[in-house]
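[1] no letters, just coordinates:
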């Protein structure tokens with residue numbers, strides 16, 4: 001009898017792929033005799049490499065190595081050689097639809113995600129919003145795999161052991177954690193303006209937090225040339241701050257460090273999900289988007305979300321629409337004190 005071998009496909013942004021991890025980990029634990037292979041973008045390999053003995057990873061660069069229809073056909077032939085018995089399309093875009101069609105025509109058991117687009121449109125429309133919690137991405141991924149005959153009970157805490165990842169090799173870069181000190185991460189950026197708390201307000205929040213917690217070290221996270229300049233400026237201005245992304249040398253080291261933070265401040269962005277994968281409490285800041293769209297981090301508490309009650313929120317599911325008011329009041333009306341108070345609640349526990 002052929003060994004069960006499930007292919008899980010999810011490309012897209014880092015946060016979307018990160019949200020598959022609790023589901024894949026739970027599946028691997030509950031079906032130890034089944035092989036699981038995750039197909040995704042190259043930079044997500046570190047999420048899955050050591051997740052479980054029966055979980056493997058395949059990378060595919062759809063913009064380079066497997067570009068266009070010809071590239072997808074090459075990828076399909078590569079995938080077929082792995083002898084999968086079922087395919088879960090957890091993305092449902094044009095490229096993955098084509099791949100799953102090839103698998104379906106080849107006689108494979110195939111299922112795809114329901115993104116509940118209708119409910120999300122009603123939630124984010126300008127008028128007469130239907131303000132209902134949408135199924136989370138985690139539940140959507142579980143539903144896909146359940147369709148293939150594998151029921152899952154979510155049971156995931158962290159990709160690392162309870163005490164966090166081994167980071168002795170990083171102490172020469174970041175220093176060891178001093179006695180009675182707290183470590184706080186701050187990731188102030190996101191892909192779209194509607195999801196970014198104004199940096200001058202975030203700086204004010206940093207000032208308040210440092211004043212309240214003098215025994216504190218703050219690690220800043222963010223990539224990109226402009227973001228690096230801003231984070232470097234904050235690190236120069238405040239001795240408690242360090243631009244972690246600039247000195248750690250890669251995503252895997254950043255995640256390892258996150259597993260030792262006492263808390264993380266993040267936008268509705270990938271860093272919220274990365275911190276969630278290592279069981280770090282996140283103070284998440286929401287503007288144009290809303291937790292009701294289903295993208296809150298794994299096991300994060302709703303009371304740790306910072307947001308303003310406005311009739312126009314949410315105006316976007318992904319934060320990529322321009323503010324129709326023009327003033328981004330959803331973010332500008334959040335006081336730095338609100339963020340400081342949330343941090344204090346967690347650090348004082």
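    Good, I have the coordinates. This one's a predicted model, so the numbers in the text were calculated from it and none came from an experiment. Residues are numbered from 1 along each chain as shown.
[2] where along this protein do the strands fall?
    Remark: strands assigned in the chain by DSSP state E are 5-9, 35-40, 55-59, 86-89, 109-112, 182-187, 216-220, 241-243, 263-267, 282-285, 305-306.
[3] now these as a markdown table including mean neighbour count and distance to residue 66?
    Every residue, glycine included, has its C-beta placed from N, CA and C. What follows is these, written out as a markdown table (neighbours: other C-beta atoms under 10 Å; distance: least, C-beta to C-beta, whole Å):
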| stretch | mean neighbour count | distance to residue 66 |
| --- | --- | --- |
| strand 5-9 | 23 | 12 |
| strand 35-40 | 22 | 10 |
| strand 55-59 | 18 | 10 |
| strand 86-89 | 25 | 16 |
| strand 109-112 | 18 | 19 |
| strand 182-187 | 24 | 31 |
| strand 216-220 | 23 | 35 |
| strand 241-243 | 21 | 35 |
| strand 263-267 | 26 | 31 |
| strand 282-285 | 27 | 34 |
| strand 305-306 | 19 | 38 |
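[4] out of those, flag the one nearest residue 205.
    Within these, the stretch nearest residue 205 is strand 263-267; the backing value is 7.7 Å (C-beta to C-beta).
[5] now what about the closest one, what contacts it?
    182, 184-190, 195-197, 205, 258, 271-272, 275, 280-287, 339, 343, 346-347 (C-beta atoms under 8 Å, 6 or more residues apart in numbering).
[6] before we move on, back to that, any idea which of the strands of the chain gets closest to residue 321?
    Proximity to residue 321 (C-beta to C-beta) singles out strand 263-267 among these, at 15.9 Å.
[7] ok and the closest one relative to strand 216-220, angle-wise?
    Strand 263-267 and strand 216-220 are oriented at 30 degrees to each other (axes from the mean of the first three to the mean of the last three C-alpha atoms, to 10 degrees).
[8] partners of strand 263-267 in the sheet?
    Paired neighbours of strand 263-267 in the sheet (DSSP bridges): strand 182-187 (parallel), strand 282-285 (parallel).
[9] how about the helices in the stretch 151-300 of the chain?
    Per DSSP state H, counting those that start in this stretch, the stretch 151-300 of the chain carries helices over the ranges 171-174, 199-212, 225-237, 244-247, 251-258, 270-276.
[10] which residues does residue 5 bridge with?
    Beta-bridge partners of residue 5, as defined by DSSP bridges: residue 35.
[11] dump the residue contacts of it.
    Applying C-beta under 8 Å, 6+ apart to residue 5 gives the contacts 34, 35, 36, 37, 82, 83, 84, 85, 86.
[12] that one and residue 82, how far apart?
    Using C-beta to C-beta, to the nearest Å, residue 5 is found at 7 Å from residue 82.
[13] any shared contact partners between the two?
    Residues touching both residue 5 and residue 82 (C-beta under 8 Å, 6+ apart): residue 37.
[14] tell me how far residue 83 lies from residue 35.
    Per C-beta to C-beta, residue 83 is found 9 Å from residue 35.
[15] residue 278 reaches residue 259, doesn't it?
    Yes. With contact defined as C-beta atoms under 8 Å, residue 278 counts as touching residue 259 (3.7 Å).
[16] neighbours around residue 197, how many?
    24 (other C-beta atoms under 10 Å).
[17] is it true that it touches residue 188?
    Yes. Shown here, residue 197 and residue 188 form a contact pair, counting by C-beta under 8 Å, at 6.3 Å.
[18] look at residue 228 and say how many residues are nearby.
    So residue 228, with other C-beta under 10 Å, has 15 neighbours.
[19] show the contacting residues for it.
    So residue 228 contacts 222, 243, 245, 246 (C-beta under 8 Å, 6+ apart).
[20] closest one of those residues to residue 65?
    residue 245 (26.9 Å).
[21] pLDDT score for that closest one?
    On the pLDDT scale, residue 245 is placed at 97.
[22] ok, now residue 12?
    Reported pLDDT for residue 12: 86.
[23] same check on residue 323?
    With respect to pLDDT, residue 323 scores 95.
[24] contacting residues for it?
    Residue 323 neighbours (C-beta under 8 Å, 6+ apart): 193, 194, 288, 315, 329, 330.
[25] tell me, how many residues neighbour the spatially closest residue to the second one that is not a sequence neighbour?
    Excluding the flanking residues, the one nearest residue 194 by C-beta to C-beta, 6 or more residues apart in numbering is residue 288, at 3.0 Å. Other residues within reach of residue 288 by the criterion other C-beta under 10 Å amount to 27.
[26] dihedrals phi and psi, residue 288?
    Residue 288 has phi and psi values of phi -70, psi -30 when expressed as degrees, to the nearest 10.
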